[in-house]
Structures are given as structure tokens and as C-alpha cells.
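>>> generate a structure from the sequence data that follows.
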Amino acid sequence: MSKGLHCQQLSKSYFQGSLETKVLDGLDLSVEAGELVAIVGSSGCGKSTFLHIAGALDSPSAGQVFINDVDIHTLSEKQRAKFRNTHIGFIYQFHHLMMEFSAEENVAMPLLIRGDSPKVALESAQEMLKQVGLSHRFEHRPSELSGGERQRVAIARALVTKPSLILADEPTGNLDFDTAEQIYQLLRDLNKTVNTSFVIVTHDLTLAARMDRQLRLSHGRLAPLER
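This is a model prediction of the structure:
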């Protein structure tokens, strides 16, 4: 094993009575440290389910997920929560910011949750917001920010703990072309700066083509995306 994300024979089924719906079926994936991987697929093919399992938010029916050599689904619920907070960042299509808090407070939240002092957490949040080009928006609440600015805050929040892995679900799906391009460039720059691995689920084939590697999720498994 090595640093990064390694999924082995992941399966996930849902049951309604005796009816089984198999979403993942022996899925394998290795993402090395610092690699950017895009996953595409039709709606309902299991992309979000895969992200939730890879991010320790849901459990597989079978198989293993290793992040930095740790088999995350052997951890207790409390251990998984701590591991997520330290090693994994999440970016969603919709920013999921807390509307009653300022940009810097939203970004500081993961650090406060892990026990950093408010002073240290806010200083780290401000530094991260500077990196995403929002040094002039520290005290603004989400309602006072544009869609692109909100997504930048969400990216800053995902990266503030300096995680080794970012899982992104349609990170540019709700943005216009120019803003999406800015977000892409930002992700690339941050990837180079902090050597974080990115797994990006997207319908945007143009965005996918600019990642290091492109995969398609179909029939519960991943395969190289054919151009």
C-alpha cells in the first residue's frame, strides 16, 4: 500500500424487502498522492454512493477502503469521524455553508471541531481564504457572496485541515463557464501547492478531460473513459 486512496472490491447493495439493488459491484480504484482523477457516469450510476463510501460517510456491503494505509471501515464511528476531519475534505455542487456564520467562521469550523483554539482556527481560515482569492471577504456571510465566492469558501473549508484527499461532487456544476474555469484553475493550483489527491465526480466532460486520469462508473465498476 502507499499514500493515497485505494479501494478494493467495493460492493454496495440496497434492499427493499427481498429486492436487491446493486449499486457498486467489485469496484477497484487506486489514486496516488497528488493525483487528480475524474469519475463520470450517468445519473443514478452510483457516483455519489462511491464518494460517500470512500469518504467514510457510508459503509460498503463488501470490500475495503484504504486511505494512507488505514482501512477506514474497520475504525469505530468516533475514530472515523476524527479520521475524516484530519485526512479528507469534501466539496459539493452546492456549497453547504452555514448561512449564519461569516466566511472565515465557516472555514474555521473543521479546525474548531478538531480542538484548535479559536485564535489559531481563525488565523488558519484567513490564510486559506487568501489562497482562494477572498482576502477581502473574511467577514461576509454567504448571503453577501456570489455563487463563485461561496464555492471558493467551500473549497477553503475543505482544504483548511490540509487533508491528503479531497472528494468533490460536481464542484463546478452550479457555476457559469467563467467561474467554473476559475474554480478549476484554483483546484489545480492548490493541488500543486499541497500535493492533495482529488477525486472529482462530474458530468462535465471538458472538466474531466483536464484531470490526470478519467474513469467511467458503469454497472458498479470503474473503467478508463473512452474518448
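>>> which outside residues touch stretch 207-217?
27, 29, 35-41, 45-47, 50, 172, 180, 184, 198, 200, 202, 222-226 (CB atoms under 8 Å, 6 or more residues apart in numbering). (Glycine included, C-beta is placed from N, CA and C.)
>>> type out the PyMOL command that picks the buried ones from those residues.
In PyMOL syntax, the buried subset of these is picked out as below (16 or more other CB atoms under 10 Å):
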select buried, resi 27+29+35+36+37+38+39+40+41+45+46+47+50+172+180+184+198+200+202+222+225
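>>> show the backbone phi and psi for residue 17.
Residue 17 adopts backbone torsions of phi 70, psi -130, taken as degrees, to the nearest 10.
>>> any residues touching the strand or helix carrying residue 104, and which ones?
Assigned by DSSP states H and E, residue 104 belongs to helix 103-113. Helix 103-113 is contacted by residues 85, 97-98, 101, 118, 120-122, 124-126, 128-129, 134, 137-142, 145, 153, 156-157, 160-161 when judged by CB under 8 Å, 6+ apart.
>>> so for that helix, what gets flagged as buried?
For helix 103-113, by 16+ other CB under 10 Å, it's 103-111.
>>> cross the contacts of stretch 207-217 against strands and list the overlap.
Those of these mapping onto strands are 27, 29, 36-40, 198, 200, 222-224, per DSSP state E.
>>> tell me what the helix-or-strand element of the chain with minimal mean pLDDT is packed against?
In the chain, no helix or strand scores lower on mean pLDDT, DSSP states H and E than helix 177-194, which sits at a mean of 78. When contacts are defined as 3 or more CB pairs under 8 Å, 6 or more residues apart in numbering; DSSP states H and E, helix 177-194 packs onto strand 36-40, helix 147-159, strand 197-201.
>>> could I get those in JSON lines, plus columns for distance to residue 13?
Shown next, in JSON lines, are the helices and strands packed on helix 177-194 (distance: least, CB to CB, whole Å):
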{"stretch": "strand 36-40", "distance to residue 13": "20"}
{"stretch": "helix 147-159", "distance to residue 13": "29"}
{"stretch": "strand 197-201", "distance to residue 13": "20"}
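>>> give me the phi and psi for the most centrally placed residue in the chain.
Taking CA atoms, centre = their mean, the centroid of the chain lies closest to residue 167, which sits 1.9 Å from it. Backbone torsions of residue 167, given as degrees, to the nearest 10, read phi -110, psi 120.
>>> surely it and residue 92 touch.
No - Residue 167 is not in contact with residue 92 according to CB atoms under 8 Å; the separation is 9.4 Å.
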